[in-house]
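Novice: sequence plus the predicted model coming up.
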Amino acid sequence: MKVTGLRKSYGDKLVLDGIDLEVPAGQVWSLLGPNGAGKTTAVQILSTLIRPDAGTVEVAGHDLTREADAVRRAIGVTGQFAAVDEMLTGEENLLLMGDLHHLNRRTSRARVRELLAQFDLVDAARKVAGTYSGGMRRKLDLAMTLVGRPKIIFLDEPTTGLDPRSRHAMWSMIREQVADGVTIFLTTQYLEEADQLADRIAVLDHGRLVAEGTPDELKRLVPGAHIVLKFDSASALHAAARLLDGSAPDDPALSLRVPSDGSLQSMRGLLDELDREAIAPQNLAVHTPDLDDVFLTLTGQAPTGEQHSTQPESEDAR
């Protein structure tokens, strides 16, 4: 998926201001940002729910404007709230999706059996979805998205409202899809979720991308990273402290805090410098800022809870 110069306004409010991004196939690509940053608007555009004002978008090899139907056939969307019909059983919800994808009855039933087993919903298949727990509804919601075997899945706040156990179960399901070659475009309010799942993360603020990289690359943008060396004697500790500029010894703990960007190259340089002076630390630990620190530094805001778009959001674009 490739996006160039994407712009969108609502009246005089500019929501997306010339977004450029490229999402490699078979990866999890996460979009973070504070309330009103434009995340959900971006998802709505990329999933053909609304039209951009300007820019070019290619999704699964298809032009978003000229080949919208082909884009829809290639994608799946799971919104912030489970879009299941609570009057139908889990199996009936999935069969309905098979009908919408124009699968023949035999193929549809085989696909439904496969997904019920994959998402551990076999025992609940004949139960009305309105009786499902929140975690079960989210599993059914994602399973419905997968009926048509999409190449790209848009997950907009997929674990909102789930307890930690259900959230981790959802993470496992997402990883399974990526292992099968599916591309995931993820927006989330949980920075731990992005850290755990995303191959790359982009931070959106006031309609602009202000940073992009792997989770580790983004963490290295924030000052405060350091390495902690532990020694077996005070003499070794003090010798290292004299050698390494800016280091801070902790005598009772026999440890030394050394400023570092946390990269492998900087660690190797540090150890080589100690080795040349025959100073051998017992162990080494790397401490880097987390994504909360990155978010706060780049956007000037602490991560918040529910995040909403400036326009009413459609629940389903499957």
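Specialist: Yep, that arrived.
Novice: list the buried residues of stretch 155-165.
Specialist: By neighbour count on 16 or more other C-beta atoms under 10 Å, the buried set for stretch 155-165 is Leu155, Asp156, Glu157, Pro158, Thr159, Thr160, Leu162. Where C-beta positions appear, they are placed from N, C-alpha and C, glycine not excepted.
Novice: tell me the pLDDT of the fourth one.
Specialist: In this case it means Pro158. pLDDT, Pro158: 85.
Novice: how near is it to Val128?
Specialist: 23 Å (C-beta to C-beta, to the nearest Å).
Novice: same deal with the third one?
Specialist: With distances taken as C-beta to C-beta, Glu157 is found 25 Å from Val128.
Novice: do the last one as well
Specialist: Separation of Leu162 from Val128 (C-beta to C-beta): 21 Å.
Novice: do the fifth one as well
Specialist: When C-beta to C-beta is the yardstick, Thr159 and Val128 sit 23 Å from each other.
Novice: can you list the domains in the chain?
Specialist: 2-219, 226-288 (automatic domain parsing).
Novice: that older thread, among the buried residues of stretch 155-165, which pair sits farthest apart?
Specialist: Greatest spatial distance among the buried residues of stretch 155-165 (C-beta to C-beta): Asp156 and Leu162, at 14.2 Å.
Novice: state the pLDDT value of the closest residue to Leu88 other than its chain neighbours.
Specialist: Of all residues not flanking Leu88 in the chain, Ala129 sits nearest, at 6.1 Å (C-beta to C-beta, 6 or more residues apart in numbering). For Ala129, the pLDDT comes out at 95.
Novice: shouldn't Ala129 be in contact with Glu91?
Specialist: No: assessed by C-beta atoms under 8 Å, Ala129 is found out of contact with Glu91, at 9.7 Å.
Novice: which elements pack onto the longest helix along the chain?
Specialist: Counting by DSSP state H, the longest helix found in the chain is helix 164-179. Packing contacts for helix 164-179, counted by 3 or more C-beta pairs under 8 Å, 6 or more residues apart in numbering; DSSP states H and E, involve helix 134-146, strand 183-187, helix 191-197.
Novice: please redo it, this time with the cut-off set to 10 Å
Specialist: strand 28-32, strand 75-78, helix 105-118, helix 134-146, strand 152-156, strand 183-187, helix 191-197 (3 or more C-beta pairs under 10 Å, 6 or more residues apart in numbering; DSSP states H and E).
Novice: Thr299 is nearest to which of these?
Specialist: Judged by C-beta to C-beta, the one of those that comes nearest to Thr299 is strand 28-32, at 8.7 Å.
Novice: average pLDDT for that closest one?
Specialist: 95.
Novice: same question for stretch 201-219.
Specialist: For stretch 201-219, mean pLDDT rounds to 92.
Novice: how many other residues sit next to Asp20?
Specialist: Residues lying near Asp20 (other C-beta atoms under 10 Å) number 14.
Novice: can you check the pLDDT for it?
Specialist: If you check Asp20, the pLDDT there is 95.
Novice: show the contacting residues for it.
Specialist: Residues in contact with Asp20 (C-beta atoms under 10 Å, 6 or more residues apart in numbering) are Lys2, Val3, Thr4, Gly5, Leu6, Gly55, Ala202, Arg208, Leu209, Glu212.
Novice: of those residues, buried ones?
Specialist: Taking 16+ other C-beta under 10 Å as the criterion, what is buried in those is Val3, Leu6, Gly55, Ala202, Arg208, Leu209, Glu212.
Novice: do I have it right that the residue nearest to Leu88 meets Arg138?
Specialist: No: applying C-beta atoms under 10 Å, one finds Ala129 not in contact with Arg138, separated by 11.4 Å.
Novice: now do the contacts for the residue of the chain positioned farthest from its centre.
Specialist: Distance from the C-alpha centroid of the chain peaks at Ser235, with 46.1 Å (C-alpha atoms, centre = their mean). Going by C-beta under 10 Å, 6+ apart, Ser235 touches Ile279.
Novice: which secondary structure state is assigned to it?
Specialist: helix (DSSP: H, G, I helix; E, B strand; the rest coil).
Novice: before we move on, which element is Leu209 in?
Specialist: Element membership for Leu209 (DSSP states H and E) is strand 208-213.
Novice: quick one: Leu284 and Ser266 touch, right?
Specialist: No: proximity of Leu284 to Ser266 does not meet the contact threshold set by C-beta under 10 Å, at 11.6 Å.
Novice: look at those two and report which has more neighbours.
Specialist: Higher neighbour count among Leu284 and Ser266: Ser266, with 17 against 14, using other C-beta under 10 Å.
Novice: quick check: the more buried one is in a strand.
Specialist: No: Ser266 is assigned helix when assessed by three-state DSSP, not a strand.
Novice: per-residue pLDDT, it?
Specialist: Looking at Ser266, its pLDDT is 84.
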